[in-house]
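Visitor: Next come a sequence and a model predicted from it.
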Amino acid sequence: TVAGARGAAAAMSVFVTRRIPAEGLRVLSQASGCRVQQWDSEEPVPRAELLAGVAGKRGLLCLLSDRIDREVLDAAGPDLKVISTLSVGFDHLALDEIKKRGIRVGYTPDVLTDATAELSVALLLSACRRLPEAAEQVKSGGWTTWKPLWMCGYGLSDSTVGIIGLGRIGQAVARRLKPFGVRKFLYTGSGPKPESAAEFGAEFVSLTRLAKESDFVVVTCALTPATQGMCNKDFFGRMKKTSVFVNTSRGAVVNQEDLYDALANGQIAAAGLDVTTPEPLPTDHPLLSLKNCVILPHIGSATYATRSTMAVLAANNLLAGLRGEPMPHELKL
């Protein structure tokens, strides 16, 4: 029947909120009966276009910069069955509202673990060995002669590294830092993970003790009500004056005013951030005026291979959800 044909078409209608890697789009466009509408731009979809685009769709493929809240879900209507996000984080999704409506959610963990862990190590080394500052000295003529203590920083050998959140990425960071000759790993989180920690001989400690004893603090936890603003004045006040702070998780885990004060006052030695609040960070933000703070534009997963794999996984999550099949990676709500 005509109605039956129309229903079948609606069953696979999807809205994609951005131009995504071609491999992911190919998976969708080659799927039998899948009708794709896309916001074909490198820039985020305007709110009005998002609300119009989701109307009547069965599936939504979104990015972490898209706020999927009640307004979007209402605009989509009762046909929306699946949301697939091209990210490991999901704090941009109104999960309570999504669960209430029986919508399934797919996400892309694991595939970006290696890339994010590599970037975490690169950021740590950039901050502790003052790489951007040193490169700037070469360009500006500050490099005049060899001086014994000029551009000196802090090394990993024989150090204590504290990891906040020993999940997939936290473990991958520890695995990469171990060969540098790290003396001890500490970690904290919602509870001990003896099996994961055994590989590094990592000790489960309180947040307070981790701050006090670590030479390097790496934040790789998820953003939750419990972790929001966790790295604050009290936390930085307990850290060593020679310590280095690195965050590749979510910007809101850190109180940025407190971090600025700690860096400006020499309470800690340096910081490296791949995530901020907001994103992008305004160019006149106080943190950007500090030489001892390295800030990157949220590029943790930015390798060509990783982004392509993420796009394919997000597409396959979406299709599986639309077909009522198990998703490769479904978020348990």
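Guide: It's in.
Visitor: now the strands for the chain?
Guide: With strands called from DSSP state E, the chain shows them at 13-16, 35-38, 59-62, 82-85, 104-106, 160-164, 184-188, 203-204, 216-219, 244-247, 270-273, 293-295.
Visitor: Need the ones you listed in CSV (columns: mean pLDDT).
Guide: CSV is the format used below for these (pLDDT from 0 to 100):
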stretch, mean pLDDT
strand 13-16, 98
strand 35-38, 98
strand 59-62, 98
strand 82-85, 98
strand 104-106, 99
strand 160-164, 99
strand 184-188, 99
strand 203-204, 99
strand 216-219, 99
strand 244-247, 99
strand 270-273, 99
strand 293-295, 99
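Visitor: In JSON lines, list those strands along with mean neighbour count and distance to residue 304.
Guide: Yep, even glycine has a C-beta here, placed from its N, CA and C like the rest. Converted to JSON lines, the strands of the chain look like this (neighbours: other Cβ atoms under 10 Å; distance: least, Cβ to Cβ, whole Å):
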{"stretch": "strand 13-16", "mean neighbour count": "24", "distance to residue 304": "19"}
{"stretch": "strand 35-38", "mean neighbour count": "17", "distance to residue 304": "20"}
{"stretch": "strand 59-62", "mean neighbour count": "27", "distance to residue 304": "19"}
{"stretch": "strand 82-85", "mean neighbour count": "28", "distance to residue 304": "20"}
{"stretch": "strand 104-106", "mean neighbour count": "23", "distance to residue 304": "22"}
{"stretch": "strand 160-164", "mean neighbour count": "26", "distance to residue 304": "28"}
{"stretch": "strand 184-188", "mean neighbour count": "22", "distance to residue 304": "31"}
{"stretch": "strand 203-204", "mean neighbour count": "16", "distance to residue 304": "37"}
{"stretch": "strand 216-219", "mean neighbour count": "26", "distance to residue 304": "25"}
{"stretch": "strand 244-247", "mean neighbour count": "28", "distance to residue 304": "24"}
{"stretch": "strand 270-273", "mean neighbour count": "25", "distance to residue 304": "23"}
{"stretch": "strand 293-295", "mean neighbour count": "21", "distance to residue 304": "23"}
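Visitor: Quick one: closest of the ones you listed to residue 112.
Guide: Comparison of the strands of the chain against residue 112 by Cβ to Cβ identifies strand 82-85 as nearest, at 12.2 Å.
Visitor: so where's this structure uncertain?
Guide: Scanning the chain with the threshold set as pLDDT under 70 gives 1-10.
Visitor: One more pass at 80, please.
Guide: Along the chain, the model assigns pLDDT under 80 to residues 1-11.
Visitor: Show me the domain layout of it.
Guide: Using the TED database, the domain parsing of the chain gives 12-110+304-331, 112-295.
Visitor: Which residue is the nearest non-sequential neighbour of residue 127?
Guide: Nearest non-adjacent residue to residue 127, counting by Cβ to Cβ, 6 or more residues apart in numbering: residue 272, 3.7 Å away.
Visitor: list the contacts for that neighbour?
Guide: 123, 124, 126, 127, 244, 245, 246, 247, 293, 294, 295, 296 (Cβ atoms under 8 Å, 6 or more residues apart in numbering).
Visitor: Next: residue 314.
Guide: Residue 314 makes contact with 20, 24, 61, 84, 85, 86, 106, 108 under the criterion Cβ under 8 Å, 6+ apart.
Visitor: shouldn't the fourth one be in contact with residue 318?
Guide: Yes. In this structure residue 84 lies within contact range of residue 318 using Cβ atoms under 8 Å: 3.9 Å.
Visitor: Name the residues contacting each of those two.
Guide: What both residue 84 and residue 318 touch, as defined by Cβ under 8 Å, 6+ apart, is the set 59, 61, 106.
Visitor: Dig out what the last one forms beta bridges with.
Guide: If I follow you right, that is residue 106. With DSSP bridges as the criterion, residue 106 is bridged to residue 84, residue 330.
Visitor: distance of it from residue 144?
Guide: From residue 106 over to residue 144 the distance is 56 Å, taken as Cβ to Cβ, to the nearest Å.
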